[in-house]
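Engineer: Give the three-dimensional model of this entry:
(2 chains)
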There are 2 protein chains.
Amino acid sequence: MKLLDTFNTEPHITFEQQNKVGILLMNLGTPERPTPESLSPYLRRFLSDRRVVELPGFLWKPLLRFAVIPLRAKHVAENYGRVWLNEGSPLKVFTERQCEGLRQRLPDNIYIEYAMSYSEPFASQALAKLKANGVGRVLVLPLYPQYAASSTGAAVDKVLNVLLKQRNQMSLRTVSRFYDHEGYIKALAAQIRNYRAEHGAGEMLMFSFHGIPQMQHDKGDPYPHECRKTAQLVAAELGLGEQDYTVSFQSQFGKGKWLKPSTQDLFVSLPKKDKIKKLDVVCPGFVSDCLETMEEIAIAGREEFFANGGEQFHYIPCLNDHPLWLDALADLAKDNLQSWVSYSL
Amino acid sequence: MKLLDTFNTEPHITFEQQNKVGILLMNLGTPERPTPESLSPYLRRFLSDRRVVELPGFLWKPLLRFAVIPLRAKHVAENYGRVWLNEGSPLKVFTERQCEGLRQRLPDNIYIEYAMSYSEPFASQALAKLKANGVGRVLVLPLYPQYAASSTGAAVDKVLNVLLKQRNQMSLRTVSRFYDHEGYIKALAAQIRNYRAEHGAGEMLMFSFHGIPQMQHDKGDPYPHECRKTAQLVAAELGLGEQDYTVSFQSQFGKGKWLKPSTQDLFVSLPKKDKIKKLDVVCPGFVSDCLETMEEIAIAGREEFFANGGEQFHYIPCLNDHPLWLDALADLAKDNLQSWVSYSL
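Structural biologist: Numbers count the residues shown, from 1 in each chain, chains lettered A, B, ... in the order given. I've put the predicted structure just below:
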């Protein structure tokens, strides 16, 4: 009787031929081009993920298809147009540089690929590529320093779903968080210190993280604690007091309650109520600049801050391909490869 | 709007409170009692797993329910009755001792549980217990030295499916195989050497592994290579020549083609055709004695061998709670815990 194709058919290889070590970096994703046509499938994948929008499919899917995507695709495409780089989508460009930076810092026989949760290369494609190179043991490193079910969890899910289909299943290691990793904290502090030394420091430093619905936190997602801890560690490294910095959450979507305080609310109240006229903003939850930092903060946020009486607004770029950050990423990888990689790194 | 219960609601804990390290040993499972009533749900779970029987559900499920289980449960229950220990099911008794042996060999702050693929404690139960103890990082160690999709893959799947439901997803490490692990090979060699020194050596040593359908191997499952490699390494450790040992595959189920040579066929042909009258059998694919070794080999196999002219049949027990094996298991765990456990082990 014919077997089902539940599991992948794979080349006939022993573990001795297939015991190489690989690393899979993972990030959110991006449209291919800053156009509504390219945005629609990307938004559909992203907003159909149960980790992201926890609503019953029969209610949410028609709403998504007939209202949310048609209404948002054009607007979001315009926003992408404002931040698009010559080389392409910022998130993709920086993720590729991080991949390359890691390759330069690790031995050649460690295969390194990246995948996106909601755009190509998908986890299935990147893992197939690693497998074709003889990788039987893979370290999955989502590029989210703070764990959230809707970012890290969703990224790891994509890998788990591929493994559930593999006949010759890879050994797996995952890193769920690195919000307090020494190298990451020091790289952030250096980035902020250098930026302020060059451009002058504002009266306050804002750490703006992507938000999550309050209900996801209420049900057990530890995300806001890890964000606050990152901010606290970086502030300590910079010698800042409690009055010198603030933590907030951006990118609220939909009508529900999200984590507070909202970054957008603070762009209004800080200059208006608290008389903070000179603000520095950094987004340590993103390791690569992208729509959420370059458009939402550096363009729209600045406008909002100025419209409410702000006088100086410095957006401090993400770590991107900062050498200290690439060193930290390599250290994080080496640490988690111990015993898989026995030669000296 | 009410959220779906797609993901577990979990206590409100930060990673700092939840960063403990755990180990989950996994094995196949066992009925609670050697009775047809207890066998039925166990066999149903086992034989419904797509990793085990790759047939379309609409064909297989009715066959399983109305023919296979009713026909087999009584017979298998009788077989279990023959090997049942005072303390209970052999597989469960030995797995618990391995768990305990590992606890004695590792620091107290590493939490160790075991789970079964097809009987309690399920992976969901064991992982919930680990989580309740503050474990946020878990090493999954299936007790199958050689990788097969239908044993190791199926066990890891159970864990992946739990993680897909966790809101606060644990970091994961898996060990897919240890067929060539030095400690495991040395423990096996010691077990065989000591047994033969005490009881006398036969004319041939048979390494009998659980079989898989030939088609699963054809589609890419590397299992038989790893079995042969284990046998070769143990034989080398014992100083055996090629004529001194043989590798075979037992426990064929159903009418399809399975890996060859079949252990059961050899119990006929070895004494009859090849004039091997004194046989030693060891089952290195099982680390715990169970129905497949104690009944299928040590009782039924012996009868078959004698019925065909055999004169001496020594079944060499599995590693069970052999101290060298428990040491090897602890080494395997320590190796894979590197960087998660920073103090000296």
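
Engineer: who's in contact with A:R302?
Structural biologist: Contact analysis of A:R302 by C-beta atoms under 8 Å, 6 or more residues apart in numbering or on different chains lists A:F313, A:Y315. From N, CA and C alone the C-beta is placed, and that goes for glycine too.

Engineer: Okay, buried residues for the strand or helix carrying it please.
Structural biologist: Using DSSP states H and E, A:R302 sits within helix A:302-307. Neighbour-count burial for helix A:302-307 flags A:R302, A:E304, A:F305 (criterion: 16 or more other C-beta atoms under 10 Å in any protein chain shown).

Engineer: contacting residues around the nearest residue to the last one once chain neighbours are set aside?
Structural biologist: To tie it back to what came earlier, the one meant is A:F305. Distance criterion C-beta to C-beta, 6 or more residues apart in numbering or on different chains; nearest residue to A:F305, sequence neighbours excluded, is A:F267 at 4.6 Å. Contacts for A:F267 were tallied using C-beta under 8 Å, 6+ apart; they are A:G301, A:E304, A:F305, A:N308, A:G310.

Engineer: can you redo those as CSV with distance to B:R105?
Structural biologist: Shown next, in CSV, are the contacts of A:F267 (distance: C-beta to C-beta, whole Å):
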residue, distance to B:R105
A:G301, 55
A:E304, 59
A:F305, 59
A:N308, 63
A:G310, 61
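
Engineer: Between which two of those is the distance greatest?
Structural biologist: Put simply, by C-beta to C-beta the two of the contacts of A:F267 set farthest apart are A:G301 and A:N308, 11.0 Å from each other.

Engineer: neighbour-wise, which of the two wins?
Structural biologist: The neighbour count for A:G301 versus A:N308, taken as other C-beta atoms under 10 Å in any protein chain shown, is higher for A:G301 (24 against 14).

Engineer: if I pick the more buried one, what's in contact with it?
Structural biologist: A:T263, A:Q264, A:F267, A:V281, A:F313, A:Y315.

Engineer: Give me the buried positions along the helix or strand that contains the second one.
Structural biologist: Per DSSP H and E: A:Q264 is located in helix A:263-272. Buried positions in helix A:263-272, judged by neighbour count with 16+ other C-beta under 10 Å: A:T263, A:Q264, A:L266, A:F267, A:V268, A:L270, A:P271.

Engineer: confidence score at the fifth one?
Structural biologist: So the one you mean is A:V268. As predicted, A:V268 sits at a pLDDT of 98.

Engineer: Just to check, it is in contact with A:E303?
Structural biologist: No - using C-beta atoms under 8 Å, A:V268 makes no contact with A:E303, being 11.6 Å away.

Engineer: List the buried residues for stretch A:196-203?
Structural biologist: A:R196, A:A201, A:G202, A:E203.

Engineer: where are the low-confidence patches of the stretch 1-150 of chain A?
Structural biologist: Low-confidence segments of the stretch 1-150 of chain A, defined by pLDDT under 70: A:1-5.

Engineer: what number of residues lie near whichever residue of it sits closest to chain B?
Structural biologist: Using C-beta to the nearest C-beta, the closest approach of the stretch 1-150 of chain A to chain B is made by A:E10 at 3.1 Å. Using other C-beta under 10 Å, A:E10 has 17 other residues around it.

Engineer: for A:G88, same thing?
Structural biologist: There are 14 residues near A:G88, going by other C-beta under 10 Å.

Engineer: A:I276 now?
Structural biologist: 20.

Engineer: got a list of contacts for stretch A:109-119?
Structural biologist: By C-beta under 8 Å, 6+ apart, the list of residues contacting stretch A:109-119 reads A:20-32, A:42, A:45-46, A:49, A:92, A:95-96, A:98-99, A:102-103, A:106, A:121-123, A:125-127, A:129-130, A:133, A:135, A:154-155, A:158, A:337, A:341.
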